[in-house]
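>>> coordinates only, no sequence provided:
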Ligand code: AMP
Ligand code: MG
């Protein structure tokens, strides 16, 4: 493993002991959380570490080899300045008010300075699966190795795709078993984000009728994550508006890479507009606009094509919760109206980039719709299609074979390609330049379910090497990566019936 110097100036030598920990969230009134220590796990071991995530907080990735690191990020050992706590929140689950939820198995250790895009920030560190809390309800407070690997890999993959997300520092495992559909071993994933506050954190106080707590929470979020809104004429309305816009942009990015979250409950919606709580997520493979990635979601509430509307619905739930702060219903509506505008603009821009179009034409929306219809009819592989489309040469239709091969109805593709070519000609598009631009936005490598499954099955046999290999591939999703092409292949037959559910 290459050791690169830590980027973080505040951090002296990259050692765990030097990690400065504080906890701003612990400064909120006690009603917001319960202080408690993680519950230790027997004989933990390192399963995976993200060197990139470690470097974000100035931690030398080599530290992960140390027992102290494993003990710390399993929750067996608490760093001296750490004030661990579990936060309370509520939420709407599958459209229904679910009442109080909370960190049922997540424990916030505190926060540490981080260098993100060279801008100093603070990242909270949270252990997921570190034992029961007062908010565990019927749960055991644990996470299984399988779901922890999925969350770890997808967080880091999304970050590399350029999509706002929580990060994952590491996974530790233990041979301790917990019961799901069958007994499975447990793991702890360490997540990082500027804040883990959710839409449901606001709903919690709204439904209790506690406007003062609502205000304290909103002020905390503004202070910490939206400091530029402090001076706004109406800061709470501005906050809602900005959250709606960030959420819209995030979901437009999900749609553009075919990412499906699977459980867009309001307790899983980040107040920062970052992807949060990876469970039964999926990346679109054979294109079906109505695809449901979560086996538990029998109604398709969170199907791929519904995600943008659900995002809007969730923002309404947040708007409702913020009404006592904002005051006027019309002002709430005004803030929420930004969602649709922002989503449409962001998705439209993403589609233009995906097709390598530099200009706008009135009929472009129709071109996109027709493409999705053709893909739908042939169940074309989403990732492979957009990637290969970048290889198209305007004056060489015969060279389309690798793209055409993705379609059962080749004539339908040819008809669409004819329109696409004339569209490209109208803006005098240059093949090589367009190819390069398209490859920068259409990833070659995404976390297909079967790839995660291979890594999981090996890990369940105590071989963690595939997680590291897959992580290395997913960290460079837009690169060709000679020798790794098989990671771009569609699911083999054995994986065609893989199902993921809320069980985690
Ligand atoms: P999720 O569907 O994973 O977003 O979880 C919804 C709620 O259930 C959250 O409050 C979680 O903390 C809680 N939860 C999920 N699994 C467990 C578990 N095994 N033990 C305790 N709480 C859990
Ligand atoms: Mg959740």
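Received, thanks. Predicted, not measured: the structure shown is a model, and the values here were computed from it. Ligands and ions are numbered 1, 2, ... in the order given.
>>> wait, doesn't residue 125 sit right on residue 193?
No - assessed by C-beta atoms under 8 Å, residue 125 is found out of contact with residue 193, at 9.2 Å. Placement of C-beta: from N, CA and C, glycine included.
>>> the more surrounded of the two?
The residue with more neighbours, out of residue 125 and residue 193, is residue 125; 25 against 22, by other C-beta atoms under 10 Å.
>>> what separation is there between the more buried one and ligand 1?
Separation of residue 125 from ligand 1 (C-beta to the nearest ligand atom, to the nearest Å): 17 Å.
>>> those helices in the stretch 301-450 of the chain, which residues are they?
Assigned by DSSP state H, counting those that start in this stretch, the helices in the stretch 301-450 of the chain fall at 307-326, 329-354, 364-378, 382-389, 401-404, 410-426, 431-441, 449-460.
>>> which of those helices sits closest to residue 19?
Shortest separation from residue 19 across those is recorded for helix 449-460, at 26.5 Å, computed as C-beta to C-beta.
>>> counting contacts, what elements does the closest one pack onto?
Where contact means 3 or more C-beta pairs under 8 Å, 6 or more residues apart in numbering; DSSP states H and E, helix 449-460 is packed against helix 145-161, helix 465-474.
>>> interface residues of this structure facing ligand 1?
Residues of the chain lying near ligand 1 by C-beta under 6 Å from any ligand atom: 101-105, 136, 139-142, 263, 268, 277, 279, 502, 504.
>>> rewinding a little: redo the helices of the stretch 301-450 of the chain as CSV? Include mean neighbour count.
Listed next are the helices of the stretch 301-450 of the chain as CSV, based on neighbours: other C-beta atoms under 10 Å:
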stretch, mean neighbour count
helix 307-326, 20
helix 329-354, 17
helix 364-378, 16
helix 382-389, 22
helix 401-404, 15
helix 410-426, 15
helix 431-441, 16
helix 449-460, 19
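>>> format the ones you listed as a markdown table; extra columns: distance to residue 129 and mean pLDDT.
Listed next are the helices of the stretch 301-450 of the chain as a markdown table, based on distance: least, C-beta to C-beta, whole Å; pLDDT from 0 to 100:
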| stretch | distance to residue 129 | mean pLDDT |
| --- | --- | --- |
| helix 307-326 | 25 | 98 |
| helix 329-354 | 33 | 98 |
| helix 364-378 | 38 | 98 |
| helix 382-389 | 30 | 98 |
| helix 401-404 | 42 | 98 |
| helix 410-426 | 45 | 98 |
| helix 431-441 | 34 | 98 |
| helix 449-460 | 15 | 98 |
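>>> what residues are up against residue 491?
Residue 491 sits next to 285, 448, 449, 450, 498 when contact means C-beta atoms under 8 Å, 6 or more residues apart in numbering.
>>> redo that, cut-off 7 Å
Shown in contact with residue 491 (C-beta atoms under 7 Å, 6 or more residues apart in numbering): 285, 448, 450.
>>> and for residue 473?
So residue 473 contacts 445, 481, 484, 487 (C-beta under 7 Å, 6+ apart).
>>> list the contacts of whichever residue of the stretch 1-150 of the chain sits closest to ligand 2.
Of all residues in the stretch 1-150 of the chain, the one sitting closest to ligand 2 is residue 101 (7.5 Å; C-beta to the ion). By C-beta under 7 Å, 6+ apart, the residues touching residue 101 are 89, 90, 91, 135, 200, 267.
>>> look up how far residue 487 lies from it.
Distance, residue 101 to residue 487, using C-beta to C-beta, to the nearest Å: 36 Å.
>>> for residue 130, same thing?
31 Å.
>>> ok, the two, which is more surrounded?
Neighbour tally, residue 130 and residue 487, criterion other C-beta under 10 Å: the higher count belongs to residue 130, 32 against 20.
>>> wait, that one sits on residue 108?
No - with contact taken as C-beta atoms under 7 Å, residue 130 and residue 108 are classed as non-touching, separated by 10.1 Å.
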